[in-house]
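Enquirer: mind folding the following:
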Amino acid sequence: MYWLTCKCLAGVLLSAATLKLLDGQVPVSFVHMFGTEAATVVHLLVLQWELLLGVALLLGIRKSLVHRLTLGTFFAFAAVSFWSGWVGQSDCGCFGSVSVSPWLTFGFDLVAVLLLVLTSRSRKSFTDSPDRSGAWRFARVAALAVVLFNGVVAAASVNAGSVTDALTWLRGTQLSIDGAPVDLGDQDSGQTVAREISVRNHLGRPVRVVGGTSDCSCVATDSLPVTIPPHAAVTIHVSLRLPPDKPGRFARRVWLWSDADERLCVFQMFGTVVPKP
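Expert: Okay, the predicted model is just below:
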């Protein structure tokens, strides 16, 4: 039972890290807790930790140490999920673009902790892989890769001025939003909030933004189409209608479509809906 629990949790951790990596967006819950720049660093560290811990669980190395680390990790995840649900966020941000209720992840994290505790006795029947095993060598290589990657990010951050800008450069991003995710602050329920968003072109040629989100709650196409000169930025108008009867934290993904190899630029707008007096 312990073996099965570890493999399932490894799959969850690796899936969560992969979805975060593919999405590239910093969870709004991290921005609320740490601020925009620090949230980027925390998001990057959590992603790498999930990868390393998932690999360790999958390979079955250092079972005593990994068991304690896994318990602590899922207990911390449960605390963050509970806080996110308590303040009214609808998405925990654990699985990238896949929206999952923080109350659902809170329940899962508690079940994971409970299973790890209840099945821990059977862990003693499994011996740790020897230090010279292929699994242990693979884990050390993975850990070294993480250290080297963080060194590259740190060096790029010094040159770019911030971790966010460094990651944008390392990903080879064609378009980005200055100051994303966009904090709308406290807003009355039911009203429409408008913001001017600066879209930056990182290519050495002009890029034409030709489309974007346009529905009953969010419109990002009023200023489109627009052409962005090379290595420059233009301002577009985005309006967001807030729900009339759902006070609490909110976050909305907004997309822009460009002709730069048909790339999609996605960013988030977030804030807090307060009831009308």
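Enquirer: nearest residue to residue 117 in space, please, no chain neighbours.
Expert: The shortest distance from residue 117 to any non-neighbouring residue, by Cβ to Cβ, 6 or more residues apart in numbering, is to residue 71 (7.4 Å). Backbone N, C-alpha and C define where each C-beta goes, glycine included.
Enquirer: give me the neighbour count for the one you found.
Expert: Using other Cβ atoms under 10 Å, residue 71 has 15 other residues around it.
Enquirer: equivalent analysis for the one 3 residues further on, please.
Expert: For residue 74, the tally of surrounding residues (other Cβ under 10 Å) stands at 24.
Enquirer: buried sites along the strand or helix carrying it?
Expert: When secondary structure is defined by DSSP states H and E, residue 74 falls within helix 63-86. By 16 or more other Cβ atoms under 10 Å, the buried positions in helix 63-86 come out as 63, 66-67, 69-70, 73-74, 77-78, 80-82, 84-85.
Enquirer: which two in the residues you listed are spaced the farthest apart?
Expert: Farthest apart among the buried residues of helix 63-86 by Cβ to Cβ are 63 and 85. That separation is 32.1 Å.
Enquirer: what ranges of the protein fall below the confidence cut-off?
Expert: 122-138, 156, 159-162, 164-166, 168-170, 172, 260-263, 276-277 (pLDDT under 70).
Enquirer: would you map the helices across it?
Expert: In the chain, the segments counted as helices under DSSP state H are 2-23, 28-34, 36-59, 63-86, 102-118, 134-160, 163-171.
Enquirer: mind putting those helices into a markdown table with distance to residue 195?
Expert: Below are the helices of the chain laid out as a markdown table (distance: least, Cβ to Cβ, whole Å):
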| stretch | distance to residue 195 |
| --- | --- |
| helix 2-23 | 22 |
| helix 28-34 | 16 |
| helix 36-59 | 15 |
| helix 63-86 | 24 |
| helix 102-118 | 26 |
| helix 134-160 | 25 |
| helix 163-171 | 19 |
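Enquirer: most tightly surrounded among the ones you listed?
Expert: helix 28-34 (a mean of 20; mean count of other Cβ atoms under 10 Å).
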